[in-house]
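1. Could you work out the structure for the sequence below:
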Amino acid sequence: METQPTLPTSGISKRGRGATLNPVSRFQTAEHVRIDDGWEKDDDAHDALRTSVTIEWAKSIISRNQSPDLPFDRSINPYRGCEHGCIYCYARPSHAYMDLSPGLDFESKLFEKPNAPDLLWNELGRSQYECAPIALGTNTDPYQPIEKDRRITREILKVLAKTKHPFTITTKSDLVLRDLDILQPLAKQRLVTVGISLTSLNNRLSRTMEPRASAPHKRLNAVRKLSDAGIPVVAQMAPIIPAVNDMEMEQILKAAKEHGASDAIYLLLRLPREVSPLFRDWLREHFPDRAAKVMSLIQSMRKGRDYDPDFRTRMRGQGAYADLIANRFTLACRKYGLKRRKHDLATDLFKKPTGPINQYSLFDD
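-> Numbers count the residues shown, from 1 in each chain. Alright, predicted model coming up:
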């Protein structure tokens, strides 16, 4: 029987981090285990895990997909890994392709793509390119903390603005408000919508699930300010975790509407590949009293498994509990006047870029 080797929870510094484990990449054959020989000071074992950022010179920047259950067929990810540390993040397994762990490595060993704006300019300028909305924030958050200094997302927005290319943003960060000067004029032309992920109104629970994402009140403030600026905002309750945050659904949707959100969606928790053992260990540490119940409810919606990859059901699940969640969501949206549709973004304004990108004249702050 094949097993997934992991480093033990003890001795792993995880202050301010989501994962409690750091399993080796599934492509690695060697396992490194940290042990305590008695010479290490207690303080050393619990020091905060520092974030490192490596430059990745990408060869292309627009990722394509043919998934029938996604409302977009192309996306951009300025970064690999995400410092927000959301324990449930379905992108964690992708770190294995860098020979890194989907656990603590995913949220502490990050990669930036500084040539992303140049690549985007060139890819949009290809003769065969056909315009359709681009999604930002599908794999990792484009406004995670390192964006404050790196500003790669902002430069990408400038390219999209210059070419009048439609796009959507999904984020858990109020840093998106920094770019209101770009987003507001585009919203008037139906070129952008912003999705704010709201998983809990409880600060403690939010910090446990998403340790370095913006606090709930800051996300709601972002909803308010985006909406006041005329930018359509979608409240995204994603993911819904049974017996952890599903009881907040109605409160979250009510608060989102009161702060100006016009639309809402929800997604059920997904646990692909290494995310499942990471999530199970996180449950045992933070919710030992209900860990078994949570997994039982998850499996009741996933054909008895931790994860069901079927395109028809992976986002919503199936069974009695999944139907209950769907019905509650429908009723709450109806009660609070939230629409359940994707915004119709304009594609006829697109201007194909010509010539090389000019960082100095086109993209001044």
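
2. Buried residues in stretch 277-297, which are they?
-> 277-283, 287, 291, 294-295, 297 (16 or more other Cβ atoms under 10 Å). Bear in mind the C-beta positions are built from the backbone N, C-alpha and C, glycine included.

3. mean confidence score for that stretch?
-> Mean per-residue pLDDT for stretch 277-297: 96.

4. Start the count at 783 instead of 1 going forward.
-> Sure, I'll start counting at 783 from here, so that last one is stretch 1059-1079.

5. And it, end to end?
-> 16 Å (Cα to Cα, to the nearest Å).

6. okay, the buried residues of stretch 1059-1079 in TSV with secondary structure next?
-> Listed next are the buried residues of stretch 1059-1079 as TSV, based on DSSP: H, G, I helix; E, B strand; the rest coil:
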residue	secondary structure
1059	helix
1060	helix
1061	helix
1062	helix
1063	helix
1064	helix
1065	helix
1069	coil
1073	helix
1076	helix
1077	helix
1079	helix
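
7. where do the strands sit along the stretch 983-1132 of the chain?
-> Listed in chain order, the strands of the stretch 983-1132 of the chain (DSSP state E, counting those that start in this stretch) span 1015-1022, 1045-1050.

8. Now do residue 1129 against residue 912, distance only.
-> 9 Å (Cβ to Cβ, to the nearest Å).

9. what about those two, which has more around it?
-> residue 1129 (15 against 7; other Cβ atoms under 10 Å).

10. Wait, the more buried one touches residue 911, no?
-> No - counting by Cβ atoms under 8 Å, residue 1129 stays clear of residue 911, with 11.8 Å between them.

11. all helices for the stretch 833-982 of the chain, in order.
-> 886-890, 898-906, 929-932, 934-945, 962-969 (DSSP state H, counting those that start in this stretch).

12. what sits up against the first one?
-> Here helix 886-890 makes contact (Cβ atoms under 8 Å, 6 or more residues apart in numbering) with 794, 796, 799-801, 803-804, 831-834, 863-867, 871, 873-874, 877, 882, 994.

13. Among these, name the ones in strands.
-> Those of the contacts of helix 886-890 mapping onto strands are residue 834, per DSSP state E.

14. Please indicate which of the contacts of helix 886-890 are buried?
-> Using 16+ other Cβ under 10 Å, the buried ones in the contacts of helix 886-890 are 794, 796, 799-801, 803-804, 831, 833, 863-867, 871, 873-874, 877, 882, 994.

15. quick one, which of the strands of the stretch 983-1132 of the chain is packed in tightest?
-> strand 1015-1022 (a mean of 23; mean count of other Cβ atoms under 10 Å).

16. tell me what it is packed against?
-> strand 974-979, helix 998-1010, helix 1031-1040, strand 1045-1050 (3 or more Cβ pairs under 8 Å, 6 or more residues apart in numbering; DSSP states H and E).

17. Buried residues, the second one. List them.
-> Think helix 998-1010. 998, 1001-1009.

18. Then the third one?
-> Going by neighbour count (16+ other Cβ under 10 Å), the buried part of helix 1031-1040 is 1031, 1034-1035, 1037-1039.

19. Go through those and say which is closest to residue 1105.
-> residue 1031 (14.1 Å; Cβ to Cβ).

20. pLDDT wise, what is that closest one at?
-> pLDDT, residue 1031: 98.

21. ok, the residue nearest to it when sequence neighbours are not counted to residue 1030 distance?
-> Sequence neighbours aside, residue 1110 is the residue nearest to residue 1031 in space, at 5.8 Å (criterion: Cβ to Cβ, 6 or more residues apart in numbering). Computed as Cβ to Cβ, the residue 1110 to residue 1030 distance reads 11 Å.

22. returning to what we had before: for the helices of the stretch 833-982 of the chain, which one ends up most surrounded?
-> helix 886-890 (a mean of 26).

23. so where do the helices sit in the stretch 1033-1147 of the chain?
-> Using DSSP H, counting those that start in this stretch, helices in the stretch 1033-1147 of the chain cover 1057-1068, 1073-1082, 1102-1118.

24. any chance of these in CSV, with distance to residue 891 too?
-> What follows is these, written out as CSV (distance: least, Cβ to Cβ, whole Å):
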stretch, distance to residue 891
helix 1057-1068, 15
helix 1073-1082, 28
helix 1102-1118, 35
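
25. Distance check, the residue nearest to residue 1031 against residue 989.
-> For residue 1110 relative to residue 989 (Cβ to Cβ), the value is 25 Å.

26. how about the helices of the stretch 1033-1147 of the chain, which one is nearest residue 979?
-> Across the helices of the stretch 1033-1147 of the chain, closest to residue 979 is helix 1102-1118 (Cβ to Cβ), at 15.2 Å.

27. Can you name every helix or strand that that closest one contacts?
-> By 3+ Cβ pairs under 8 Å, 6+ apart, helix 1102-1118 packs against helix 1031-1040, strand 1045-1050, helix 1073-1082.

28. Take the ones you listed and write them to CSV, including distance to residue 928.
-> Shown next, in CSV, are these (distance: least, Cβ to Cβ, whole Å):
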stretch, distance to residue 928
helix 1031-1040, 27
strand 1045-1050, 25
helix 1073-1082, 31
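
29. out of the ones you listed, nearest to residue 852?
-> Using Cβ to Cβ, the nearest of the helices and strands packed on helix 1102-1118 to residue 852 is strand 1045-1050, at 11.0 Å.

30. can you list the residues that contact the closest one?
-> Contacts of strand 1045-1050 (Cβ under 8 Å, 6+ apart): 977, 1014-1022, 1031, 1035, 1038, 1083, 1097-1099, 1104, 1107, 1111, 1115, 1120-1125.

31. same thing but at 7 Å, please
-> 1016-1022, 1035, 1038, 1083, 1097-1099, 1104, 1111, 1115, 1120-1123 (Cβ atoms under 7 Å, 6 or more residues apart in numbering).
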